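Chemist: This is the structure alone, sequence omitted:
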């Protein structure tokens, strides 16, 4: 009952904030309605968006300004579009940002403004990449390269070649291509005799060599950066240098030097009020202390990272921090706080989706007004009435949903308290344990290092793409873990996204294949949720990771008799015995709680469905040498 009260309080607090924002926005729109001149209305909304008192609704105010500008077919307001595109990007609303920058690129093309055209293509490519549309991202960059190479604008040439190098690196394209484009950047820096550009080049080369584990070359380029700082100053980028240096020291397991570099970067960002940098610093320092068991300092810096995430108003940062707080308190058995941050994370995810919906409604309103001015209102009348009704009744729907959700929660709690209390408690414990094991601390640590790595020098496009994928995986895991059964297609999509993230984490060191028996319809059948992932994780972490050659992971789904599905997870890693031997030598004892939970869940499923279900481990050998592991899992098939 305490958890229900906590849930209701957090949910109502969040909705009260949303309600207050809506009241504020409605009051400004009402005031704007009294302004007769359209240009004055647009200017009013732009001024209000710059007022810090309305910073929480600045995006919505800019959308209103764009709505009037488009509806009355006014000339494109470059400052309005650029600010709106920036805010869409900062709020991870990449589809809307792509529309804005595509419009700007076409505008600059018609105006024969080469500089504006290239800058718009650069911004367009970053949003395509964050949205996961890699082909369009590369196409925009290469088009910008073709255009800019015909001009004498060396600074823009540096920027585009630098961006292409980043693209090829993070998308795991041929390793020589990032170096080729960075060498072009070096030539431009020397031609302009710019120490600032040399700083960018040397630092990026150092990061590249750290990423590819060529530490001697990395050390050389870090020394070059240090020489530049000593001779010419830090160019306002010293925090980036120390952050990158900390990652380098951690790779070499020089932990004291790594912590010292992180704290130097933190103090520099604190003096500059660089809140995004402070967020990354605190998160990295948390992972540093947490990995070494210093829970007091770990908690201190994790709470600080949440504070800076809230200041930046970037929802994805808040979601990632809420997730880590949930895992931190769960692992330390403070389940009340763990549950509190789980609720806050869900609320943040819902708020982000609501904002995206608002943007889509605004775009629909724009199209409606344009068609109205062209006497084509008939085609959108019904759709506009529906969307207008949604906007007018949105607050009533939200509060109706609050009451309905609380009523449903109370009903099920009463049923739960009266029936099968012991069974439900055991299921909840297993579900919580399963949820806690989905993202181990090493994966979170490496993910945050990747985020920090791409944060600076235009690398935030790839970092935000990784965060977006990471948040999508977390949302899928949370959704599926609360269900007894999910569609096989949904489960496989979740596992596939997890494997993709692990491929990025381990430098694309293995291939994978998922095959499904033709008799199995993934959209028709369901299986118990979150059952496959622990075995896939075990194959990657303890099998393929230790393999020197390129690895192979396969997942095969077959239909057996009596509505039993057979899932085979097979790898060509080093095998269980050698993995245990490696772990014992390095002092890392492996005790997989996730696999233990899977066995407990299988026992419960066997009882519930009255079927004999098994997990079988097979050590593959070739000439008496272990060459991988095959795991065969039997699960009940649940028909819709």
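Modeler: Received the coordinates, thanks. It should be emphasised that the depicted structure is a prediction, and the values quoted were computed from it without experimental measurement.

Chemist: lowest-pLDDT helix or strand in this structure?
Modeler: Using mean pLDDT, DSSP states H and E, the weakest-scoring helix or strand in the chain turns out to be helix 441-453, at a mean of 47.

Chemist: mind listing the helices for the stretch 401-550 of the chain?
Modeler: Applying DSSP state H, counting those that start in this stretch to the stretch 401-550 of the chain gives helices spanning 421-436, 441-453, 460-481, 488-505, 533-539.

Chemist: repeat for the stretch 151-300 of the chain
Modeler: 154-170, 176-192, 195-211, 215-232, 238-251, 255-272, 275-291, 295-312.

Chemist: do the stretch 1-150 of the chain as well
Modeler: Going by DSSP H, counting those that start in this stretch, the stretch 1-150 of the chain shows helices at 2-33, 38-50, 58-71, 78-90, 94-110, 114-130, 134-148.

Chemist: Nearest approach to residue 277 belongs to which of those helices?
Modeler: For the helices of the stretch 1-150 of the chain, proximity to residue 277 was assessed by C-beta to C-beta; helix 78-90 is nearest, at 14.9 Å. C-betas here are computed from N, CA, C, even on glycine.

Chemist: what does the closest one contact?
Modeler: Helix 78-90 has contacts (C-beta atoms under 8 Å, 6 or more residues apart in numbering) with 42, 46, 49, 58-59, 62-63, 65-66, 69, 94, 96-97, 100-101, 103-104, 107, 116, 123, 126-127, 130, 313-314, 359.

Chemist: now swap in stretch 116-132 and tell me
Modeler: Here stretch 116-132 has contacts from 78, 85, 89, 92, 94-95, 97-98, 101-102, 104-105, 107-109, 134, 136-138, 140-141, 143-144, 147-148, 153, 156, 159-160, 163, 167, 458, 460-462, 464-465, 468-469, using C-beta under 8 Å, 6+ apart.

Chemist: Show me just the buried residues among the residues you listed.
Modeler: Neighbour-count burial (16 or more other C-beta atoms under 10 Å) is assigned, among the contacts of stretch 116-132, to 85, 89, 92, 94, 97-98, 101-102, 104-105, 107-108, 134, 136-138, 140-141, 143-144, 147-148, 153, 156, 159-160, 163, 167, 458, 460-462, 464-465, 468-469.

Chemist: Could you pull up the residues touching residue 326?
Modeler: 338, 339, 341, 342, 345.

Chemist: Check which residues of the helix or strand that contains it are buried.
Modeler: According to DSSP states H and E, residue 326 maps onto helix 315-331. Within helix 315-331, the residues scored as buried using 16+ other C-beta under 10 Å are 315-330.

Chemist: Quick one: work out the angle between it and helix 275-291.
Modeler: Interaxial angle, helix 315-331 versus helix 275-291 (axes from the mean of the first three to the mean of the last three C-alpha atoms, to 10 degrees): 20 degrees.

Chemist: gap between helix 315-331 and the chain center?
Modeler: How far helix 315-331 lies from its chain's middle: 13 Å, per C-alpha atoms, centre = their mean, to the nearest Å.

Chemist: isn't there a helix covering residue 634?
Modeler: No: read with DSSP: H, G, I helix; E, B strand; the rest coil, residue 634 is strand and lies in no helix.

Chemist: State the distance from it to residue 556.
Modeler: 13 Å (C-beta to C-beta, to the nearest Å).
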